[in-house]
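Undergrad: Next one to model:
(2 chains)
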Amino acid sequence: MPSDAAAGPVPHLHVVTGKGGVGKTTVAAALAMALTPPGGRTLLVEVEGRQALASLFDTPALPYAERHVATAPGGGEVFALAVDAEAALLDYLAMFYKLGSAGKALRKVGAIDFATTIAPGLRDILLTGKVKEAATRTDHGRRVYDAVVLDAPPTGRVSRFLNVTVEASKLAKVGPIRTHSDGVAKLLHSPATAVHVVTRLEEMPVQETADALAELAALKLPVGDVIVNSVNPPLLAGVRVTKAGLKRDLAAVGLPSDQRTVAALAAEAADHQQRLAVEDRLRGELSELGRPMVELPLFTDGMDLSNLYEMAALLREHLDGEAR
Amino acid sequence: MTRSKVLDTDALIGDPQTRVVVCCGSGGVGKTTTAASLALRAAERFGRRTVVLTIDPARRLAQSLGLAELDNAPRRVEKVVDGSLDAMMLDMKRTFDEVVLAHTTREQADEIFANPFYQAMSGTFAGTQEYMAMEKLAQLRARDEWDLIVVDTPPSRSALDFLDAPARLARFLDGRMMRLLTSSSRGGHSVFSLMTSSMSFFTRTINKVIGGRLLSDIGTFAASLDSTFGGFRTRAEATFKALQNPQTAFLVVAAPEPDAIREAVYFTRRLTEERMPLAGLVLNRSHSVAATGLSAERAMGAVEALEDSGDDTPTADVLRVHSRLVSQVATETRIAARFTAACPDVPQARVPAFAADVHDLEDLRAVAEALAGSGSAPP
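TA: Model (predicted):
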């Protein structure tokens, strides 16, 4: 059931970041599904203009409007929104200054270009402002969305993106931009928000996860969980594989057991074991960061809707475990 | 399925006519590693005087190049055999400062540096990093000390920013809005008294939204830039033209993942439209099957038989690992085929997935070797 409009202790704005290429968008989508209660609705937001959500859900490019993209396991609904800085600015002007038709005039003199792509921090304020609006929107005193999941910029830029007040206050000492960004920052720094970091058990993503967690903590942004994506199953962990044993077993089940096949399979097994050893070491480094961790498997058949549901189920299990 | 053409990176970096190689692609695909390994190979195998410009290298990669400090100038990489390799990390703010200093007097420069808008912009201005990477490339070219310059591109939110941002920045600095802001800080007249009614509506709005103090900071900044730089746009256009030069080669870097391939296709199209010299696609992190004769289905069938026999043997898990690998390679091939279908004429080189990251020059040589090897014989 949708909860009261007043922010409870449980986060309802989930910010998902991670190094490029770790599957941040996929995890954000699965998390939105996991957070959708039966009969409820969640909103999945992207801000980078990549239309990655449309591609993931196999729908046409998302307009600047909230669209139904998937049904969660319990029958709840997942909506998606691609926030565009220019549209958000015009939206904002219309809302606060009744400047309905001013957009064209502003664009003509380059003001839109200026506001959305050039003024430092302004673009991010507009994008996070829209996220805040959706996260706090109410209907008859109840929140419209049970949860809002933001597919945020990657780890390298996320702190700056979320730390809008500092950016804004450096430049705009007073005025509506200041007021607006203060409001956004208040939500982002409150327990109603959780910033999750997605990683893989690879060196660079793990390093960036540690860096991002430290940066977020230094800025007093509420850090959530570490979500480890694309984990290999622990097959053959600590097991000695011999070519003689392989040859014997292969012959016994009627598979080719020539020298080439045996050597090739042994090499694949050794590669996998080496990978597991690296993963184990990195898992240890991650657990030292002291955040709740959840692991999601590597789907060797690629990402489709059924795998997305499986990821959502694993995340749901993890969230339930945290709530207990 | 269409068979892709093969990209011979050795032919590219060994050709004395190739003077600049630009590596671009979305984040997390191993772009910087590709740039660094190509540069190392150009130096060691072809004896070329090479410099690699990296934007935001991972700590270990930076260390492997001996780049402990970020001082915005090329440093010689030790222990490179034969040719020479210099490496540098781009310091966006310092490059911007250098540009200002090069075009103005010390006093005027100090005035610009002290401006709060400049301070914010030189660090965070959307597009500054892209523009400064191009500026640095232009500086390195002008020094004429190297046979080959290899450039890594910024981890933009979208790879296309790399092409768009300099023009956008120039358009803004040269544009009507900038002139408007400039006029507001010049002379005794208030900006409002000079404006027509529609213009004053515009400034009122801007003033209302961003605040008067910020507007005047921007105005002062615009005026000082205007008087010292002259056409920023001319500069951006010159850089853009330099990239179209046939001595430049673009490499699109990707990994066999849906997002990375989608960006690579989009980027390839843009490069083609802009008539940029595209050399090919480098597909990093490609897995391959060693036991090629054994299908996943047959392997899994045997797993069942082995388990029925009740023997405690690792062979069942070896076959599971094999079957997963076959499935993963099939998925990667399917995803990579989207690129081949969309851009059939673009040559490709595949680099295998390595279990660990690059830690030293030796690792970098191994990456370069794999990259070169993938070009000499079709996979």
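Undergrad: what sits against residue 291?
TA: Picked chain A for this. A:197, A:213, A:223-226 (C-beta atoms under 8 Å, 6 or more residues apart in numbering or on different chains). Every residue, glycine included, has its C-beta placed from N, CA and C.
Undergrad: let's do chain B instead
TA: A:261, A:264-265, A:268, B:322.
Undergrad: SS state for it?
TA: coil (DSSP: H, G, I helix; E, B strand; the rest coil).
Undergrad: quick revisit: just the closest of the contacts of A:Arg291 to chain B, please.
TA: If you rank the contacts of A:Arg291 by distance to chain B using C-beta to the nearest C-beta, A:Val197 comes first, at 13.9 Å.
Undergrad: burial measure for the closest one, as a count.
TA: 31 (other C-beta atoms under 10 Å in any protein chain shown).
Undergrad: Which helix or which strand is home to the residue lying closest to it once chain neighbours are set aside?
TA: Nearest-residue entry for A:Val197: A:Thr209, 5.0 Å, with adjacent residues in sequence omitted and distances by C-beta to C-beta, 6 or more residues apart in numbering or on different chains. Per DSSP states H and E, A:Thr209 falls inside helix A:203-218.
Undergrad: do the helix or strand that that helix is followed by and chain B meet at all?
TA: Later in the chain than helix A:203-218, the nearest helix or strand by DSSP H and E is strand A:223-231. No: Strand A:223-231 lies out of reach of chain B by C-beta under 8 Å from any C-beta of the partner chain, never closer than 10.0 Å.
Undergrad: List of residues touching the helix or strand that strand A:223-231 is followed by?
TA: Next along the chain after strand A:223-231, taking DSSP H and E as the criterion, comes helix A:243-252. With contact meaning C-beta under 8 Å, 6+ apart, helix A:243-252 is reached by A:256-257, A:261-263, A:265-266, B:302, B:306, B:309, B:311, B:313-315, B:318.
Undergrad: May I see the contacts of B:Ala291 arranged in TSV, with pLDDT as well?
TA: Formatted as TSV, the contacts of B:Ala291 follow (pLDDT from 0 to 100):
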residue	pLDDT
A:Thr261	96
A:Ala264	97
A:Leu265	97
A:Glu268	96
B:His322	98
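Undergrad: Closest one of these to A:Ala277?
TA: The closest of those to A:Ala277 turns out to be A:Glu268 (C-beta to C-beta; 15.3 Å).
Undergrad: circling back: my guess is the residue nearest to A:Val197 contacts A:Leu286. True?
TA: Yes: the pair A:Thr209 / A:Leu286 is scored as a contact, 6.8 Å apart, by C-beta atoms under 8 Å.
Undergrad: who wins for most neighbours among the contacts of helix A:243-252?
TA: Result: B:Val318 is most packed of the contacts of helix A:243-252 (other C-beta under 10 Å), 29 neighbours.
Undergrad: correct me, but that one touches A:Glu268?
TA: Yes: at 7.4 Å, B:Val318 counts as touching A:Glu268 under the criterion of C-beta under 8 Å.
Undergrad: residue ranges of the strands in the stretch 51-200 of chain A, please?
TA: Using DSSP state E, counting those that start in this stretch, the strands of the stretch 51-200 of chain A run over A:67-71, A:77-82, A:138-139, A:142-143, A:147-151, A:193-200.
Undergrad: just so I know, which of these lies nearest B:Val52?
TA: Comparison of those against B:Val52 by C-beta to C-beta identifies strand A:193-200 as nearest, at 25.9 Å.
Undergrad: and the closest one, which strands flank it?
TA: strand A:13-18 (parallel), strand A:223-231 (parallel) (DSSP bridges).
Undergrad: Could you list the low-confidence segments of the stretch 1-150 of chain A?
TA: A:1-9, A:93-121 (pLDDT under 70).
Undergrad: Surely B:Ala279 is in contact with B:Asp8?
TA: No: B:Ala279 lies out of contact with B:Asp8 (C-beta under 8 Å); the separation is 9.5 Å.
Undergrad: Give the residues shared as contacts by the two.
TA: Joint contacts of B:Ala279 and B:Asp8 (C-beta under 8 Å, 6+ apart) are B:Pro347.
Undergrad: returning to that earlier point: how about the strands of the stretch 51-200 of chain A, which one is nearest B:Ala296?
TA: Using C-beta to C-beta, the nearest of the strands of the stretch 51-200 of chain A to B:Ala296 is strand A:193-200, at 23.3 Å.
Undergrad: who's in contact with that closest one?
TA: Counting by C-beta under 8 Å, 6+ apart, A:11, A:13-19, A:22-24, A:27, A:31, A:152, A:155, A:158, A:162, A:187, A:205-206, A:208-209, A:212-213, A:216, A:221-231, A:286, A:291 sit against strand A:193-200.
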